[in-house]
Structure formats: C-alpha cells, structure tokens
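A.B. asks: What follows is a protein structure lacking sequence information:
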C-alpha cells in the first residue's frame, strides 16, 4: 500500500501576505493503519467573526495555543509518502 499524507490547514483569512495558520491537521495512511494528529496554532492576530463561523475556531480557543508547532515524534514516516492537500489561488500561508 502506498503511504499517503493528507494535510489540512485552517487560517485566519485567505490572504497569504496578511493571514496566519490557526490549526494544522495531518492524517497518515499506510500499511500500519491510520494515524491522526492536529494542533491549534496561535496566529498572533485576531480571528474575524466570519472566519470563526466558517472554521469554528475562536480567538479564545487559540489564545493559549503555541505560535508554532512541532510535529510529533515518529512523524518521519510522513516524509516518504504521497503528499495530498488542496489549495486556493492564494494559498502560500505562513505559520
């Protein structure tokens, strides 16, 4: 079975030059099964009411989250995998 990694990012908006990551989620699928990992990220900027209603992520939820995240131990299995994500025309987000 080919190893696949699915990545999903939630952000504080849709403009890469201004908005920040608020959540990262990763799902690894391989011959060992399915492994999931996610973390909220403090974007160090305000999340608008529109984005909160769209993603369900509030300013309160990210207030105590780290401003950057480290993948969990064992995540090196992700590096030799097909990497799948979906993008928008302005999808170069920074964490």
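C.D. replies: Sure thing, it's come through. All figures in this text were calculated on a predicted structure; none of them were measured in a lab.
A.B. asks: Residues contacting stretch 20-39, please?
C.D. replies: Residues from elsewhere that reach stretch 20-39 (Cβ atoms under 8 Å, 6 or more residues apart in numbering): 1-12, 40-41, 43-45, 47, 51, 55, 57, 62, 65-66, 69, 71-72, 75, 77-78, 81, 93-95. In this view, the C-beta of every residue, glycine as well, is placed from N, C-alpha and C.
A.B. asks: Quick check: end-to-end length of it?
C.D. replies: Between the opening and closing residues of stretch 20-39 there is a gap of 14 Å (Cα to Cα, to the nearest Å).
A.B. asks: Now find how far off-centre that stretch is within its chain.
C.D. replies: Here stretch 20-39 shows a centroid-to-chain-centroid distance of 9 Å under the convention Cα atoms, centre = their mean, to the nearest Å.
A.B. asks: Buried ones among the contacts of stretch 20-39?
C.D. replies: Under a neighbour-count criterion of 16 or more other Cβ atoms under 10 Å, the subset of these counted as buried comprises 3, 5-6, 9-12, 40-41, 43, 47, 51, 57, 62, 65, 69, 78, 93.
A.B. asks: Spatially central residue in this protein, please.
C.D. replies: For the chain, the residue whose C-alpha lies nearest the mean C-alpha position (Cα atoms, centre = their mean) is residue 24; its distance is 1.8 Å.
A.B. asks: if we can go back for a sec, and the buried ones among the contacts of stretch 20-39, which of them are in helices?
C.D. replies: Assigned to helices by DSSP state H, the following of the buried ones among the contacts of stretch 20-39 qualify: 51, 62.
A.B. asks: In strands, which of the buried ones among the contacts of stretch 20-39 fall?
C.D. replies: Members of those lying in strands (criterion: DSSP state E): 5-6, 9-11, 40.
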